[in-house]
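In: how would this look folded up:
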Amino acid sequence: MLFNSYSFVFTFLPLALIGFYALGHFGRASGAVWLVLTSLVFYSFWNPAYVLLLLGSIAFNFAISLRLDTNRDRPARQRAWLAFGITADIAVLVYYKYLGALIGFATGLGLTSLHAPSILLPLGISFFTFTQIGYLVDVQQGVVQDRSPLNYMLFVSFFPHLIAGPILHNREIMPQFAQEQTYRFSGENLAIGSVIFIIGLAKKCLFADPIAGLVTTGFADTAHLTMASAWMLMLTYAAQLYFDFSGYTDMAIGIARMFNVRFPVNFNSPHKATCIIEFWQRWHMTLTRLLTLYLFNPMVLAAVRRRTARGLPVDRKAQAKPAAFLRMTAMPLFITMALAGIWHGAGLQFLVFGLLHGVSLTVNHAWRIIRPSLRAVKPGRLERFGNWTLTLAAILVALVFFRAPGMAAALQTVSAMAGAHGSGIALQGLSSLAGPLGMIFAQHGAAAATTGLKSIEAFVQNGEVALLWFIILAMPNSQQIMNRYEPVLGRVTASRWPTLTWRPTPAWAMATGAVGAFAVMAIAGTTEFVYFQF
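Out: Predicted coordinates:
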């Protein structure tokens with residue numbers, strides 16, 4: 001079931017909320033059981049058979065967590081149980097997500113004559129697998145306080161985050177499920193959650209989906225892309241991906257808030273970043289946190305311990321030397337980003353996507369070491385603009401491999417961006433901002449006439465890309481709009497547009513209702529979320 005569907009908005013969600021608060025009146029356990037059952041029903045709408053996989057994964061990982069807890073005084077045995085649990089989790093993930101691609105790759109090299117099996121990828125398997133691996137590591141490290149099996153099951157299966165995140169941490173969510181007030185009706189939280197949900201629904205239905213067809217058309221004929229059209233294609237896709245994924249996250253955060261649960265922030269205007277390090281601190285932030293805590297930091301710590309054991313320095317001055325930088329920064333970054341790329345998909349292009357970000361991050365870290373020695377002055381506006389431009393260019397090039405249907409199409413697109421296919425047409429200015437609404441209404445049956453947009457160039461000429469990027473770069477994000485009401489866990493930076501901060505006033509109610517009405521009108525033509533495939 002999709003968040004952006006009539007059945008979810010007008011049937012499933014209202015029934016889930018009514019049942020939750022009605023049963024929560026009789027006690028925390030009743031409300032929690034209702035939420036677990038509701039979440040399983042939500043997941044079963046995609047494929048009922050895979051509910052058993054989800055339940056099996058939850059039962060297995062909780063059983064491993066019990067073994068980790070009982071072996072706390074026997075570290076070697078505890079580490080063995082942890083290794084077993086993580087290996088089993090990854091083995092299941094490899095079977096469903098990577099086995100077919102690995103066999104196909106081996107067959108192409110002549111290493112085997114097996115045929116790749118047809119395996120249906122379970123929805124959200126990467127998310128609930130990584131969530132539980134993080135939980136096992138936390139149990140082993142002794143940082144898990146809540147050991148309730150009901151709260152754990154709810155932590156993993158809670159339907160707002162089950163399919164595509166955010167990737168939750170047990171310390172921030174399970175204590176909320178243990179509180180009695182979580183199961184008591186709150187009109188304020190219902191209102192705040194509804195507004196955040198409407199913002200996310202508008203992002204998906206009004207901004208992301210109308211341009212998805214243009215992106216698909218562009219990648220269907222990459223051999224004939226010019227330099228101008230290739231860059232505009234990637235700008236269009238970057239906007240689609242941002243509004244699609246951040247829209248899903250907003251909806252998830254809004255739904256959770258309706259149930260009196262606050263999720264962590266997952267997007268913080270990432271395309272405003274002036275370096276690739278900052279980009280990853282703003283984009284898919286819960287994935288970045290998980291990779292940093294459980295992969296990058298342990299590798300860096302191991303490198304530090306090895307150097308310390310050999311009597312070698314590990315301070316900032318030592319880290320600036322090539323050998324130490326390679327072992328303590330570059331190698332952990334490359335391994336982390338390679339695995340991050342593979343996590344997104346089984347194709348070779350996803351590995352390249354991750355490695356390109358590994359290169360960018362390594363260069364960025366090296367520059368942070370070099371620059372102070374060159375000129376200990378804060379960057380000016382021109383330098384910051386240059387940094388932002390370079391960062392965006394690196395993101396767009398890497399995104400080619402994220403989106404392309406295969407390596408051939410990705411390489412054709414990158415070569416077009418480099419000018420190998422010609423510079424392209426001269427764009428005639430951004431003349432009309434009415435195009436987006438006309439296209440949205442036409443696609444979803446809300447109006448009979450619209451300006452037909454038949455190419456990336458026409459799309460740009462009508463101003464849609466400029467409008468979308470103006471929203472991305474200049475307007476406050478959803479957290480900033482709702483800043484007065486602590487919309488997410490963690491600190492939210494105030495917006496430079498204080499008049500665009502939501503308040504419970506008639507004017508804001510009318511504006512929110514209008515946006516929600518337009519978004520609901522557009523539901524009939526919407527598509528699945530991009531991150532559903534991961």
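
In: avg pLDDT for stretch 491-502?
Out: Averaged over stretch 491-502, pLDDT sits at 85.

In: again, but for stretch 252-269
Out: On average, stretch 252-269 scores 96.

In: can you check stretch 203-216 too?
Out: 90.

In: ok, now stretch 63-75?
Out: Here the average pLDDT along stretch 63-75 is 95.

In: which residues does that stretch contact?
Out: By C-beta atoms under 8 Å, 6 or more residues apart in numbering, the list of residues contacting stretch 63-75 from outside reads 77-78, 81-82, 84-85, 135-136, 139-140, 142, 144, 147, 152. Every C-beta, even on glycine, is put in place using the N, C-alpha and C of the backbone.

In: gap between stretch 288-307 and the chain center?
Out: Its chain's C-alpha centre and that of stretch 288-307 lie 22 Å apart, by C-alpha atoms, centre = their mean, to the nearest Å.

In: no no, stretch 478-488
Out: Worked out by C-alpha atoms, centre = their mean, stretch 478-488 lies 19 Å from the chain centre.

In: ditto for stretch 155-162
Out: For stretch 155-162, the distance to the chain centre is 15 Å (C-alpha atoms, centre = their mean).

In: ok, stretch 265-272 next?
Out: 10 Å.

In: per-domain residue ranges of this structure.
Out: Under the assignment automatic domain parsing, the domains of the chain span 6-184, 192-263+435-533, 276-417.

In: quick check: buried residues in whichever helix or strand K317 is part of?
Out: Assessed by DSSP states H and E, K317 sits inside helix 316-319. Residues of helix 316-319 classed as buried by neighbour count (16 or more other C-beta atoms under 10 Å): Q319.

In: who touches that helix?
Out: Counting by C-beta under 8 Å, 6+ apart, R307, L312, A324, F325, M328, T329, I369 sit against helix 316-319.

In: my guess is the third one meets R306, correct?
Out: This points to A324. No: look at A324 against R306 with C-beta atoms under 8 Å: they stay out of range, at 10.8 Å.

In: looking at the two, which is more packed in?
Out: For A324 versus R306, neighbours defined as other C-beta atoms under 10 Å are more numerous around A324 (20 against 13).

In: need the three-state assignment for the more buried one.
Out: Following DSSP: H, G, I helix; E, B strand; the rest coil, we place A324 in the helix state.

In: now do the contacts for V36.
Out: When contacts are counted by C-beta under 8 Å, 6+ apart, V36 touches L150, M153, L154, S157.

In: the same query, at a cut-off of 6 Å, please.
Out: The contact partners of V36, by C-beta atoms under 6 Å, 6 or more residues apart in numbering, come to M153, L154, S157.

In: closest one of those residues to G347?
Out: S157 (29.1 Å; C-beta to C-beta).

In: okay, now the closest residue to that closest one other than its chain neighbours: neighbour count?
Out: Distances taken as C-beta to C-beta, 6 or more residues apart in numbering put S39 closest to S157, at 4.3 Å, once the chain neighbours are dropped. When counting by other C-beta under 10 Å, one arrives at 22 neighbours for S39.

In: contacting residues for S39?
Out: Contacts of S39 by C-beta under 6 Å, 6+ apart are S157, F158, F159.

In: can you lay out the residues you listed as CSV showing distance to M227, neighbour count and secondary structure?
Out: Shown next, in CSV, are those (distance: C-beta to C-beta, whole Å; neighbours: other C-beta atoms under 10 Å; DSSP: H, G, I helix; E, B strand; the rest coil):
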residue, distance to M227, neighbour count, secondary structure
S157, 48, 23, helix
F158, 46, 24, coil
F159, 44, 25, helix
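
In: using TSV, lay out the residues you listed together with distance to A320.
Out: TSV is the format used below for these (distance: C-beta to C-beta, whole Å):
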residue	distance to A320
S157	47
F158	45
F159	48
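
In: contacts for the one helix or strand F130 maps to, please.
Out: In the assignment (DSSP H and E), F130 maps to helix 125-141. Contacting residues not belonging to helix 125-141 are listed as 61, 65, 68, 82, 85-86, 89, 93, 96, 144, 156, 165, 167, 170, 290, 294, 343, 534 [C-beta under 6 Å, 6+ apart].

In: give me the buried positions along it.
Out: So for helix 125-141, counting by 16+ other C-beta under 10 Å, buried means 125-140.

In: farthest pair in the residues you listed?
Out: Using C-beta to C-beta, the buried residues of helix 125-141 reach their maximum pairwise distance at I125 and Q140, which is 22.5 Å.

In: coming back round to it: put the alpha carbons of the helix holding F130 into PDB.
Out: The C-alpha trace of helix 125-141 is given here as PDB (Å, rounded to 0.1, in the frame of the first residue of the first chain):
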ATOM      1  CA  ILE A 125      14.200  -5.500   3.100                       C
ATOM      2  CA  SER A 126      17.300  -3.300   3.100                       C
ATOM      3  CA  PHE A 127      15.700  -1.000   5.600                       C
ATOM      4  CA  PHE A 128      14.400  -3.500   8.200                       C
ATOM      5  CA  THR A 129      17.600  -5.500   7.900                       C
ATOM      6  CA  PHE A 130      19.900  -2.600   8.500                       C
ATOM      7  CA  THR A 131      17.700  -1.400  11.400                       C
ATOM      8  CA  GLN A 132      18.000  -4.800  13.100                       C
ATOM      9  CA  ILE A 133      21.700  -5.100  12.500                       C
ATOM     10  CA  GLY A 134      22.200  -1.800  14.200                       C
ATOM     11  CA  TYR A 135      20.000  -3.100  17.100                       C
ATOM     12  CA  LEU A 136      22.200  -6.200  17.500                       C
ATOM     13  CA  VAL A 137      25.400  -4.100  17.600                       C
ATOM     14  CA  ASP A 138      23.800  -1.800  20.200                       C
ATOM     15  CA  VAL A 139      22.800  -4.800  22.400                       C
ATOM     16  CA  GLN A 140      26.400  -6.100  22.200                       C
ATOM     17  CA  GLN A 141      27.700  -2.700  23.200                       C
END
